[in-house]
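Student: Just the structure for this:
(one chain, ligands or ions: 2)
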Amino acid sequence: MADHPRLFLPGFMSTQLCEELKFIHKSNCAVGYRPHVLSTILSHLIATNSSHLILPLVDIREKLKERVEEFFGCEFELFIEFTGLISWSCGSSIGWHSDDNRPYLKQRHFAAVCYLSNHSEDFKGGLFHFQEGEPATIVPMAGDVLIYTADDRNIHCVDEITEGERLTLTLWFTRDISYDEDAKLLNLFSLNSKDEDTKSWIPLSAPNNMYWFSPSSLTEHHLGYDIRWARVHALGFDLYISNEFEDVAWEPCDMLDKPLKLGREGKIFGKEFANALHAHQVLEFYRWKGSELQASKSKMSATHGLERTHLLSDITSYRKLAFPAYFEPKSVFSESFPINSYCQNMQPFDWSDFSMAVALWEDYVHGLRRKLVTSLPQWKLHGSIFNVPLPE
Ligand SMILES: O=C(O)CCC(=O)C(=O)O
Ligand SMILES: [Fe+2]
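Tutor: Residues are numbered from 1 along each chain as shown. Ligands and ions are numbered 1, 2, ... in the order given. Have a look, this model is predicted:
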């Protein structure tokens, strides 16, 4: 152990938290720091009007830092240097390396990799290996956490992903206060301080190039696709745009920032979404919460007064957003979920359930915004991001 300081914590994270973090990642990710890797970093959440989505990460960041400090005997000495939700898709891998192996990474002292998806079930390949010492191989399973020093006592690699998507929450820790991630994030919050007052909670896209994904099998950059559209498509849905945008010669990617509707099998849902990210986030929320919807159905219809008709009766003033079909995005995002079984109990898709998900998503986001408004002054006061209990 002294030669290879590391700690494996099976089941450190609850299934519920893993599912929530998967929801956040899938509905907000942008192209990552390496090819074929997508990531959701906290500064990106702030920049895309989704700073409230940092809140589900606050507790686990604190817990992991405490665990790392305790294990390595450096209580109160560490800062979080980086937090990222990361997904690796088919074709990605990383060879033998230590996590501090570049001059610009020397500040990284410890790593924590939290697995959010299950080997075999959600993806194939993607085993983690240490070059020396025990445990030698980690088979990623949702909830498990691997902690190790970032230096050359823990040289490791990850096998190529051969199917599906492999999701992690990855953190690095440093002793160097000048790399404190919290301080950097709090600066971004102050730049965007107007958000607190406007209570804005609709996601806003980053520049288009941050969503352009070129899978490993394709060498030419233009042969890729926009992940905002591709994930919606892989979930079995289409995006529809009003004909009023017909004569404008925009690129298809630019349309993703316009008000859009969601459709499926030729039917169009009545609600208008502010943009593709908004529509996709609600869809991912539905995938996440699908199995709970049945239980809350009667309660919801009482409080939200749901209407019986959810679909547009006249669909002629909308057209489907088409993207060039270079290849099938389902081959990359295949594990998102099977088209006809949103709920664990395999209920068929139902637009009225989806309509409830829209209302529940708004409740969820408003709850997080309230918590953010309470937490932010405390975070700024103390210069760090921590769990602030809501007043009774
Ligand atoms: O995801 C993992 O298991 C490890 C990833 C890794 O080695 C890295 O990002 O440096
Ligand atoms: Fe690594």
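Student: so what does the longest helix seen in the chain touch, helix or strand wise?
Tutor: As assigned by DSSP state H, the longest helix anywhere in the chain is helix 351-382. Packing partners of helix 351-382 (3 or more Cβ pairs under 8 Å, 6 or more residues apart in numbering; DSSP states H and E): helix 55-72, helix 181-191, helix 194-198, helix 276-304. Placement of C-beta: from N, CA and C, glycine included.
Student: Confidence-wise, which of those is weakest overall?
Tutor: Among the helices and strands packed on helix 351-382, helix 194-198 carries the lowest mean pLDDT, a mean of 51.
Student: need the next SSE after the worst-scoring helix or strand of the chain on mean pLDDT, C-terminal direction.
Tutor: Here the helix or strand of the chain ranked lowest by mean pLDDT, DSSP states H and E is helix 194-198, holding a mean of 51. Where DSSP states H and E defines the elements, the next helix or strand beyond helix 194-198 is strand 212-213.
Student: List of residues touching that following strand?
Tutor: The contact list for strand 212-213, computed with Cβ atoms under 8 Å, 6 or more residues apart in numbering, reads Val31, Leu38, His221, Gly224, Tyr225, Asp226, Ile227, Ala230, Cys253, Val332.
Student: Now do the same for the third one: its pLDDT.
Tutor: Pointing back at His221 there. pLDDT at His221 comes out at 53.
Student: what residues does the stretch 51-200 of the chain put near ligand 1?
Tutor: Taking Cβ under 6 Å from any ligand atom as the contact definition, the stretch 51-200 of the chain meets ligand 1 at Ile94, Asp99, Val113, Phe128, His156, Val158, Thr168, Thr170.
Student: dump the residue contacts of Lys371.
Tutor: Neighbour list for Lys371: His52, Leu55, Val388, Leu390 [criterion: Cβ under 8 Å, 6+ apart].
Student: Contacts only, for the residue nearest to the first one when sequence neighbours are not counted.
Tutor: So the one you mean is His52. Spatial nearest neighbour of His52, excluding adjacent residues (Cβ to Cβ, 6 or more residues apart in numbering): Leu368 at 3.9 Å. By Cβ under 8 Å, 6+ apart, the contact set of Leu368 is His52, Leu53, Leu55, Pro56.
Student: Most neighbours of all these, which one?
Tutor: Counting neighbours by other Cβ atoms under 10 Å, Leu53 leads those with 27 neighbours.
Student: Would you write out the PyMOL command that picks the buried residues out of the residues of the stretch 51-200 of the chain next to ligand 1?
Tutor: Here is the PyMOL command that selects the buried residues among these (16 or more other Cβ atoms under 10 Å):
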select buried, resi 99+113+128+156+158+168+170
